[in-house]
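*Asks:* With the sequence up front, the predicted model follows.
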There are 2 protein chains.
Amino acid sequence: MTAFPDRLAEAVRRHGPLCVGLDPRVQMLPAEFARQEPAVALERFCLKVLELVRPFCGVVKPQAAFFELLGPAGFAALGAVQRRAKEMGFVTILDAKRGDIASTAQAYAEAAFGPVWDADALTVNPYLGADAVEPFVTVARHSAPTRGLFVLVRTSNPGGGLFQNRLCDGRPLYQHVGEAVAEWNAARVGACGLGDVGAVVGATHPAELAELRAALPKVWFLIPGYGAQGGTAADVRAGYLPSGLGAVVNSSRGVVFPFRPEDPSWEAKVTDAARKAQTELKG
Amino acid sequence: MTAFPDRLAEAVRRHGPLCVGLDPRVQMLPAEFARQEPAVALERFCLKVLELVRPFCGVVKPQAAFFELLGPAGFAALGAVQRRAKEMGFVTILDAKRGDIASTAQAYAEAAFGPVWDADALTVNPYLGADAVEPFVTVARHSAPTRGLFVLVRTSNPGGGLFQNRLCDGRPLYQHVGEAVAEWNAARVGACGLGDVGAVVGATHPAELAELRAALPKVWFLIPGYGAQGGTAADVRAGYLPSGLGAVVNSSRGVVFPFRPEDPSWEAKVTDAARKAQTELKG
């Protein structure tokens, strides 16, 4: 089966760079889910969203936190959503921002890429250093098919610069992290010209996005912060390569929750939001 | 009920600074657990370990990764272990190294401190900045009783310095993170003189541990790296305040797995290892 970077490239070629983030908050679900057990409601809502957005995007990003909040039943729901997304042909990025060392990192990676979640990619946090990222890389590369990582480099949140933009040896920390990502990534570059260790770079910092794009020409970017967080389609374009590949752009609330719970036409609103995001991002 | 920093102080006054880390790997369990369903085996083994170490330590640290690896049943086991530890009077530190922004961070914090895990404290990763840590602080302080955090500052792994020791404005990054921890911590200092936002500082870097102890006199330290990772009892002493408070010192494999699976006297070995660690650390 095709290696991760090329599966992602295929998804982006077919559907454009839109990645739909599944951040389901129980209190925001449509009213028809209100009487169901929360984990069941979360699962059914996400399965419905997968159907609605399927024509407009090839990548989805479930957010582990909102499933974890519902305990073991929530995790079972996350598993069901991941499996269904895969069956439907989506590339799945599990957004769990894991990070630990040695055999603990390996356990997280085996959970993410093994039977538990079977995700195509996982977000990871680099603060603990090389021996915190490398076990994830090793497990990703030994899985069949191979999987990918997205390492947090420059995040989209307003306070993200507190440490990421700290000047180290004259350059912001995130550039050093970006360089480490490029090194990890270099060993497995696919036919598409991009590798299997990507970077998370926020849409809310377009100048830094452009600079990182130039510095890391073989690294896939996962770009959060488009839509509800304020990043525009023009902002994210700095993350694309001339080929049109190079980035997946995440929208969570903007696509998944463009309605109030009592709105009977919520499905049409999700469809419209996904179509609009796809068009804007291709544009 | 007593605030988190004072509950931790009480545990350390009674039992000394030993924290037993529950990092249960299925393949390392005693042979008697081999035929059980893995999540059941993990849970029963951990409950037995809780009994064995109860006389020697007041703090336990379950490691989320090894439970996650077993899927929803593993998470249910983690919940059972957490609950039992609490009933037995342990202070529990859930080692999940979570980190995310805004309402996502809040969801992780509500999972950790609400009915899902009901932990006394959680480890968190600071790379995403202030708006990644503050939602955890807010939820911890609004919980009843209040909970605590341990923010990764200088981790014990050999590669931990890749970013943590990068010189930023003339000082290593971890010192900047330590300063941020001191600021978050300052708002809730308990009767014991220590606050509710602690720092993870590895035993494997004793000079840095001493320097951080001097710089952060009101911050609880969680010290990994003692025992199996190579840190000695003499190394961790730099993390104590003159009062004897100030640090909990984690040992995972050294206390929990001092035996081979086929060893029929594994319980005695765990008891001996816990007694020895308690004595050494009090020393």
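*Replies:* Yep, it's here.
*Asks:* near chain B, which residues of the stretch 151-283 of chain A?
*Replies:* A:152, A:155-164, A:166-169, A:173, A:176-177, A:180 (C-beta under 8 Å from any C-beta of the partner chain). For every residue, glycine as well, the C-beta is placed using N, CA and C.
*Asks:* Drop anything exposed from those residues.
*Replies:* Among these, those buried by neighbour count (16 or more other C-beta atoms under 10 Å in any protein chain shown) are A:152, A:155-164, A:166, A:168, A:173, A:176-177, A:180.
*Asks:* ok so, going back, tell me which of the residues of the stretch 151-283 of chain A next to chain B fall in helices.
*Replies:* Mapping these onto helices (DSSP state H) picks out A:Gly161, A:Leu162, A:Phe163, A:Gln164, A:Leu173, A:His176, A:Val177, A:Ala180.
*Asks:* Next one, pLDDT for the first one please.
*Replies:* In other words, A:Gly161. Looking at A:Gly161, its pLDDT stands at 94.
*Asks:* Then the fifth one?
*Replies:* The predicted local confidence for A:Leu173 comes out at a pLDDT of 97.
*Asks:* For it, list the residues it contacts.
*Replies:* A:Phe163, A:Gln164, A:Asn165, A:Arg166, A:Leu167, B:Phe163, B:Arg166, B:Cys168, B:Leu173 (C-beta atoms under 8 Å, 6 or more residues apart in numbering or on different chains).
*Asks:* And for A:Glu51, the neighbour number?
*Replies:* By other C-beta atoms under 10 Å in any protein chain shown, the residues close to A:Glu51 number 13.
*Asks:* Surely it is within a helix?
*Replies:* Yes: under DSSP: H, G, I helix; E, B strand; the rest coil, A:Glu51 sits within a helix.
*Asks:* before we move on, the earlier item: and which of the ones in helices among the residues of the stretch 151-283 of chain A next to chain B is nearest chain B?
*Replies:* Using C-beta to the nearest C-beta, A:Leu162 comes nearest to chain B of those, at 3.7 Å.
*Asks:* pretty sure that closest one contacts B:Ala130?
*Replies:* Yes: between A:Leu162 and B:Ala130 there is a contact at 5.2 Å, judged by C-beta atoms under 8 Å.
*Asks:* what's the overlap in contacts for those two?
*Replies:* B:Ala180.
*Asks:* show me what contacts A:Gly230?
*Replies:* A:Ala203, A:Thr204.
*Asks:* Quick one, grab the pLDDT at it.
*Replies:* 87.
*Asks:* From chain B, how far off is it?
*Replies:* 13 Å (C-beta to the nearest C-beta, to the nearest Å).
*Asks:* Would you mind measuring from that residue to A:Ala210?
*Replies:* 17 Å (C-beta to C-beta, to the nearest Å).
*Asks:* just A:Val20 next, same as before
*Replies:* Taking C-beta to C-beta, one finds A:Val20 at 25 Å from A:Ala210.
*Asks:* the more surrounded of those two?
*Replies:* Neighbour count, other C-beta under 10 Å: between A:Val20 and A:Ala210, A:Val20 has more, with 30 against 15.
*Asks:* Quick check: the gap between that one and A:Leu70.
*Replies:* 20 Å.
*Asks:* Burial check on A:Asp131, number of neighbours?
*Replies:* When neighbours are counted by other C-beta under 10 Å, A:Asp131 comes out with 17.
*Asks:* okay, it: pLDDT?
*Replies:* On the pLDDT scale, A:Asp131 gets 91.
*Asks:* Next: the one 3 residues further on.
*Replies:* With respect to pLDDT, A:Glu134 has a value of 97.
*Asks:* host element of it?
*Replies:* helix A:130-142 (DSSP states H and E).
*Asks:* what's the offset of that helix from the middle of its chain?
*Replies:* Chain-centre distance of helix A:130-142: 18 Å, with C-alpha atoms, centre = their mean, to the nearest Å.
*Asks:* List the backbone torsions phi and psi for A:Glu267.
*Replies:* phi -60, psi -40 (degrees, to the nearest 10).
*Asks:* Show residues contacting stretch A:27-47.
*Replies:* Against stretch A:27-47 from outside (C-beta under 8 Å, 6+ apart): A:22, A:24, A:26, A:62, A:66-67, A:70-71, A:73-74, A:76-77, A:80-81, A:84, A:257, A:259, A:261-263, A:266.
*Asks:* Can you list the buried residues in that stretch?
*Replies:* In stretch A:27-47, counting by 16+ other C-beta under 10 Å, buried: A:Leu29, A:Pro30, A:Phe33, A:Pro38, A:Ala39, A:Ala41, A:Leu42, A:Glu43, A:Arg44, A:Phe45, A:Cys46, A:Leu47.
*Asks:* what's the closest of those to B:Ala274?
*Replies:* A:Ala39 (37.3 Å; C-beta to C-beta).
*Asks:* Name the nearest residue to that closest one, ignoring sequence neighbours.
*Replies:* Excluding the flanking residues, the one nearest A:Ala39 by C-beta to C-beta, 6 or more residues apart in numbering or on different chains is A:Ala73, at 3.6 Å.
*Asks:* Show me the shaky parts of the stretch 101-250 of chain A.
*Replies:* Within the stretch 101-250 of chain A, the set of residues satisfying pLDDT under 70 is empty.
*Asks:* Do a quick rundown of the strands in it.
*Replies:* A:121-124, A:148-154, A:167-168, A:171-172, A:197-201, A:221-223, A:247-251 (DSSP state E, counting those that start in this stretch).
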